[in-house]
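Peer 1: below: sequence and its predicted model.
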Amino acid sequence: MLAKLASFTLVGIEAVTVEVEVDISFTSMPKTVLVGLAEAAVRESTHRVERALVNSGYRRPIDRIVINLAPADLKKEASGFDLPIALGMLVGSGQAAIERPGRYAVVGELALTGETRPIKGVLAMALAAAHEKFDGLLVPEANASEAAVVEGIPVYPISSLAEAVGFLSGQLEIDPRSVDLEEVFRRLTRGEEDFVDVKGQDYAKRALVIAAAGGHNVLMIGPPGTGKTLLAKRLGTIMPSLTPSESLETTRIYSAMGLLRAGEPLMAVRPFRSPHHSVSDAGLVGGGSTPQPGEISLAHKGVLFLDELPEFNRKTLEVLRQPLEEGHVTISRALRSTTFPADFVLVAAMNPCPCGYRSDPRRACNCTPPQVEKYLSKISGPLLDRIDLHVEVPAVPFTQLTEAPPGPTSAEFLNQVLKARTLQAQRFGNKGPIVNGRMTPRQVRKFCPLRPEALSLLKAAMEELGLSARAHDKVLRVARTMADLEESEIILPQHIAEAVGYRSLDRSVWA
């Protein structure tokens, strides 16, 4: 007897529908055959399923069982096929029947006891189920809240194989899981970090406000202990809250990687990723024989912080070029190309020399010019060109640490950022980028016109500093953000002067 059920597998972070076919031949030699390009974890599922059937009180079929996972040319990974295979065996052997009207998809791993266990990527599967208009999705109890954030698909929490049989046979009613998204965001958006904790560094704080308002990348250069990491960790507190669509995009990545925390069905806070400088190419941008997202995708819609930038492998840093420009990364393999989202704000930090004290007036630097040149040459010019703001973070005087009054709070900075973002939303509408930092060259020409005095100032800066055409556009984007922060319709000469100041720092340090 043949049984068919719908399930899903992950390809990168996307869910693809898989038809699980189970055929049981009563007169053939007893044997279980699994076909359909299944990976090791899926092939092992037959042993788990057989014991789960017996321990749940059902009879293990002793006939010839052929399990086909279609389409046959798509690799099937992970253990989410346990539950649909077990149900197919029960239906194919006549021990159960699917009487409930409707078209349902089933995913889930089984323990040997017959209880369900959570799997990765349930959010992507719920999105696919809603898109394909299934009447319901059966998922493990532990994954139900995660899947229920998707509108348009009833999600039924299943705690055991027997419960799934009871529901599909119509003998057991299970209420669909519901999630109050407003309550989830309210509960998960509380944070303790605040810019008020950072003493001094007004110049760096100003740069980070500009970065948050316009989505610009930042490089901070200064001696050890000046607050570079402290500043970077607080950037997320002055960025607007994730919108529902941004939250789903980000959560889908974390769900596919199995990184969602228990009790957090949705990403409500912008991610902050800080990989160690020993990270590999694949760890940073993603990869593997079956491509998986890397750190830049895990930082999607959030902040990627690269501390001690010159300590990273230069080849690894160079792979950041495409994502910084395009907001996504494409990984190509022999059989398939996979594109992962990677729209993040890059914040990098570094010392001015190997010992770190070249720009510190209180400490002597013992580095020789060749050592400094070798240290700084680890960062290529093309990568520097893609970073909008180069900020010097000097040592903080003792009086500022002990006597200076508290500076602005994150809430005050956030209010400035939200006003600038509102102007950008009105400017771009539903078409184009969300922030100035993602404007195309055509949009730069349209939205960043300069009056003669500002134009002559930019021309002089280009000639004196030798800035590239890319740097020219980045200066205009940053200046546009500065104007938005001041609610100015036009870019003024002082905006150009300040934006150029953030581009000239790399020239003075590399000289």
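Peer 2: Looks like it arrived, so ask away.
Peer 1: neighbours of R43, just the number please.
Peer 2: When neighbours are counted by other C-beta atoms under 10 Å, R43 registers 11. To be clear about C-beta, it is placed using only N, CA and C from the backbone, and glycine gets the same treatment.
Peer 1: count of residues packed around the closest residue to it other than its chain neighbours?
Peer 2: Closest residue in space to R43, ignoring its immediate chain neighbours: L34 at 5.7 Å, by C-beta to C-beta, 6 or more residues apart in numbering. As a burial measure, L34 scores 18 neighbours (other C-beta under 10 Å).
Peer 1: before we move on, what about the one 5 residues further on?
Peer 2: Using other C-beta under 10 Å, E39 is surrounded by 13 other residues.
Peer 1: ok, for it, nearest residue in space, not its chain neighbours?
Peer 2: E39 sits nearest to E77 (C-beta to C-beta, 6+ apart), 4.7 Å away.
Peer 1: one more: T339?
Peer 2: Counting by C-beta to C-beta, 6+ apart, T339 lies nearest to T330, which is 4.8 Å off, once chain neighbours are set aside.
Peer 1: ok, back up a step: the residue nearest to R43 should be in a helix, yeah?
Peer 2: No. Secondary structure of L34 (DSSP: H, G, I helix; E, B strand; the rest coil): strand, not part of a helix.
Peer 1: how about it: which residues does it bridge to?
Peer 2: Beta-bridge partners recorded for L34 (DSSP bridges): I67.
Peer 1: show me what contacts it?
Peer 2: Counting by C-beta atoms under 8 Å, 6 or more residues apart in numbering, L34 touches V42, R43, S45, T46, I67, L69.
Peer 1: let's see that with 7 Å instead.
Peer 2: Going by C-beta atoms under 7 Å, 6 or more residues apart in numbering, L34 touches R43, T46, I67.
Peer 1: R363 too?
Peer 2: R363 touches Y357, counting by C-beta under 7 Å, 6+ apart.
Peer 1: in which helix or strand would I find it?
Peer 2: Counting by DSSP states H and E, no helix or strand carries R363.
Peer 1: distance check, the residue nearest to E39 against L389.
Peer 2: As judged by C-beta to C-beta, to the nearest Å, E77 and L389 stand 41 Å apart.
Peer 1: in what helix or strand does P84 lie?
Peer 2: If you go by DSSP H and E, P84 is part of helix 82-92.
Peer 1: burial measure for the closest residue in space to I13 that isn't next to it in sequence, as a count.
Peer 2: Once flanking residues are discounted, I13 sits nearest to A256: 4.2 Å by C-beta to C-beta, 6+ apart. A count of nearby residues for A256, using other C-beta under 10 Å, gives 26.
Peer 1: A256 and G286, how far apart?
Peer 2: A256 is 11 Å from G286, by C-beta to C-beta.
Peer 1: any residues in contact with both of these two?
Peer 2: Contacts common to A256 and G286, judged by C-beta under 7 Å, 6+ apart, are P293.
Peer 1: so in that sheet, which strands flank the lengthiest strand in the chain, and in what orientation?
Peer 2: Ranked by number of residues, the top strand in the chain under DSSP state E is strand 14-25. Paired with strand 14-25 in the same sheet, following DSSP bridges, are strand 2-11 (antiparallel), strand 64-70 (antiparallel).
Peer 1: export these to JSON lines and tack on mean pLDDT, distance to A207 and mean neighbour count?
Peer 2: Formatted as JSON lines, the strands paired with strand 14-25 follow (pLDDT from 0 to 100; distance: least, C-beta to C-beta, whole Å; neighbours: other C-beta atoms under 10 Å):
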{"stretch": "strand 2-11", "mean pLDDT": "94", "distance to A207": "39", "mean neighbour count": "22"}
{"stretch": "strand 64-70", "mean pLDDT": "94", "distance to A207": "52", "mean neighbour count": "20"}
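Peer 1: report the buried residues of stretch 371-388.
Peer 2: By neighbour count on 16 or more other C-beta atoms under 10 Å, the buried set for stretch 371-388 is V372, Y375, L376, I379, L383, L384, D385, R386, I387, D388.
Peer 1: quick one, the longest strand of the chain and helix 82-92 angle?
Peer 2: Counting by axes from the mean of the first three to the mean of the last three C-alpha atoms, to 10 degrees, strand 14-25 lies at 30 degrees to helix 82-92.
Peer 1: shouldn't R100 be in contact with G170?
Peer 2: Yes. Contact criterion C-beta atoms under 7 Å: R100 and G170 qualify, at 4.7 Å.
Peer 1: the two: who's more crowded?
Peer 2: R100 (16 against 12).
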